[in-house]
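K.L.:
From the sequence below, what's the structure:
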Amino acid sequence: MTPFTPPTADQLLAIRINAGIEELAQSERFAHAEADLVEAIVEGVGQFAAGEFAPLNRKGDLEGAKLENGRVRLPEGFDAAYSAYVEQGWNAIASPAEHGGQGLPFTLSCNVLENLGAANMAFTLLPMLSVGAIEALEHHGSNDQKAMYLPKLVSGEWSGTMNLTEPAAGSDVGALRSTAEPVNEGPHAGKYQITGQKIYITWGEHDLSGNIIHLVLARLPGAPEGSRGISLFVVPKYHVNADGSLGPHNDLRCVSIEHKLGINASPTCVMSYGDNGECIGELVGHENKGLAAMFTMMNNARINVGNQGVQIGERATQQALAYARDRVQSARAGSPDKTAVAIIEHPDVRRMILRMKALTEGARALLYYCAGQVDRGNLGDEAAKARAEIVVPLIKAWGTDIGVEVAGLGIQIHGGMGFVEETGAAQHWRDSRIAPIYEGTNGIQAADLVTRKLGLEGGEAMVALFETIAREASGAKEKGRTLAALAQDCADIARWMRDEASLDDRLAGSVPFCTMAAVCVAGWQLMKQGEAVAAGAAPELAQSKPVTVRFFLDRVVPEAIGLKAGAIAGAEGLYTIPAAALAG
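P.N.:
Numbering: from 1, shown residues only. Presented below is the predicted three-dimensional model:
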């Protein structure tokens, strides 16, 4: 596996142009996010990721996490790397200053995760889940809970998880059966006895942090059926005393860890709570409002999972480029010189390399545009908040889709050597394949786009986004003509779905529409990057950026236009044959 080189120049361009970090720094809240500090963070975390996390990527894949006597063990080197991560303060970038964080924009937190995840995706799931737990407690926890848990979650000394899924409750979270019984007497009076089993709990057990703070969904006695009867509880691995010291082990355990296709260094746990009737948790927020509180965490996680598509795309592209430059095979077709050349000189390999770069850079532009809108929403900009709501399913779904595609292209460029494990190219694809599944499958993201997100401001928020893109792309003359056409198609489909289509019709066309919308916004943001580079920004990208932008606009955008037929085809054709006949 080739070493990881942080794509610092492209990241800084996306942070400046797509997130608009300089405008954010003009606010009182983010005044510290000045250019020098932003550059220092991006360069610093890139160097840290390359030096500490990247060398463990292959080792983690080959050795994996192991459950021994109820404890999960990680390969040698993970504990030292995580300790260095905590000591250098990378976990605290965007967390609230009152709890020990640096209070910087979410945009910079995204960059920390992008670099760490490109270096080692499986390892980076540990801090990624902790960031979400911090968000949930910050917004919904009591003052006492914030004081008890946030300082050490913010520092990274403790880690966090979220526990939703159960054997009988996957995407339908409302079907969960875990229970929470009030404790009325004894030292835990006022708290709750938690009982149940959760599955697919990422980093649910390990020994890298001093405590693990589990956020667990469970049902109170007499709670309404379905999702309206779910409450959220904070359940620490070790009880925490009033002075902040650790008490005895809570009644929870890791029953097993899953044997997975990829991300082998990330322990995916089956967690059991209350085997002995003594698992204690505290209610977070209000009774029966747990799903809303958990969605604070999930919204953050969905952006960060979209980020994983960028991460794996970057790593796979770097590896494919290195191989394509070194692998010599055949003369270039049509050349009078019959000397064998590096395969990067062959047209189809060049096409694949450029596609990998264009898709990865497009997803990065979309990621940081989304992050910038989140930051503006946090400053009280309601229009930006609505815009972020629309863009979240786009980056989660399309970002992870391109991660899989780019990793697959990386294998193809390696040829037969990509299909054997020794080169490491296959690991990127195996690691990438989970991202379109967890934190809400990409089909669920698309469904969210054409239902709840389409309904924002009566559909006008979404239509306004596409009309803005169409107007700006038209102003870019010939190079923006195809993008303007895609944006107009997206606006027309959004209106049709809002005004005419049935719910089934909307859902049947949701995935192609989601892809169209994501490509549209990514192309728009890439076009802005191209214009900035042409004006003198990022001179180190002056040669490459115009090429990747043109590739995206000339090749990826027209492909997205071709999805319109599927987006408006409706559901009738899907149900002309009964399920029994379809099956056999």
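
K.L.:
May I ask you to name the longest strand in this structure?
P.N.:
Ranked by number of residues, the top strand in the chain under DSSP state E is strand 192-202.

K.L.:
What is the neighbour count of residue 221?
P.N.:
Neighbourhood size, residue 221 [other CB atoms under 10 Å]: 8. Glycine gets a C-beta too; all of them are placed from N, C-alpha and C.

K.L.:
Hmm, residue 195 and it touching each other?
P.N.:
No: shown here, residue 221 and residue 195 do not form a contact pair, counting by CB atoms under 8 Å, at 11.7 Å.

K.L.:
Could you point out the helix or strand that follows the helix or strand hosting residue 315?
P.N.:
Secondary structure assignment for residue 315, by DSSP states H and E: helix 290-326. Toward the C-terminal end, the helix or strand that comes next after helix 290-326 (DSSP H and E) is helix 347-378.

K.L.:
name the helices or strands packed onto that following helix?
P.N.:
Using 3 or more CB pairs under 8 Å, 6 or more residues apart in numbering; DSSP states H and E, the elements in contact with helix 347-378 are helix 8-17, helix 21-24, helix 106-119, helix 290-326, helix 382-414, helix 510-534, helix 545-551.

K.L.:
Distance from the chain centre to the last one, please.
P.N.:
A distance of 25 Å separates the C-alpha centroid of helix 545-551 from that of its chain, computed with CA atoms, centre = their mean, to the nearest Å.

K.L.:
Equivalent analysis for stretch 498-508, please.
P.N.:
That offset, for stretch 498-508, works out to 28 Å (CA atoms, centre = their mean).

K.L.:
now the helices: where do they sit in the stretch 1-150 of the chain?
P.N.:
8-17, 21-24, 35-48, 57-63, 78-87, 106-119, 121-140, 143-155 (DSSP state H, counting those that start in this stretch).

K.L.:
For the fifth one, report the contacting residues that lie outside it.
P.N.:
This points to helix 78-87. With contacts defined as CB atoms under 8 Å, 6 or more residues apart in numbering, helix 78-87 is touched by 48, 52-53, 56, 60, 91, 116, 123, 126-127, 155-157, 207-209, 265.

K.L.:
Please apply the same query to the shortest one.
P.N.:
Applying CB under 8 Å, 6+ apart, the contact partners of helix 21-24 are 15, 16, 30, 33, 35, 38, 105, 107, 372, 375, 376, 379.

K.L.:
thinking again about what came up before, got CSV for the helices of the stretch 1-150 of the chain, with mean neighbour count, mean pLDDT and distance to residue 404 too?
P.N.:
Below are these laid out as CSV (neighbours: other CB atoms under 10 Å; pLDDT from 0 to 100; distance: least, CB to CB, whole Å):
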stretch, mean neighbour count, mean pLDDT, distance to residue 404
helix 8-17, 22, 98, 21
helix 21-24, 19, 98, 29
helix 35-48, 17, 98, 24
helix 57-63, 19, 98, 17
helix 78-87, 18, 98, 26
helix 106-119, 28, 98, 15
helix 121-140, 24, 94, 13
helix 143-155, 19, 97, 31
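
K.L.:
Any chance of a markdown table for those, columns distance to residue 165?
P.N.:
Shown next, in a markdown table, are those (distance: least, CB to CB, whole Å):
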| stretch | distance to residue 165 |
| --- | --- |
| helix 8-17 | 33 |
| helix 21-24 | 35 |
| helix 35-48 | 31 |
| helix 57-63 | 23 |
| helix 78-87 | 25 |
| helix 106-119 | 22 |
| helix 121-140 | 14 |
| helix 143-155 | 22 |
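
K.L.:
and of those helices, who's closest to residue 403?
P.N.:
helix 121-140 (9.3 Å; CB to CB).

K.L.:
Next, the angle from that closest one to helix 143-155.
P.N.:
160 degrees (axes from the mean of the first three to the mean of the last three CA atoms, to 10 degrees).

K.L.:
Provide the backbone phi and psi angles at residue 232.
P.N.:
Here is the backbone geometry of residue 232 (degrees, to the nearest 10): phi -110, psi 140.
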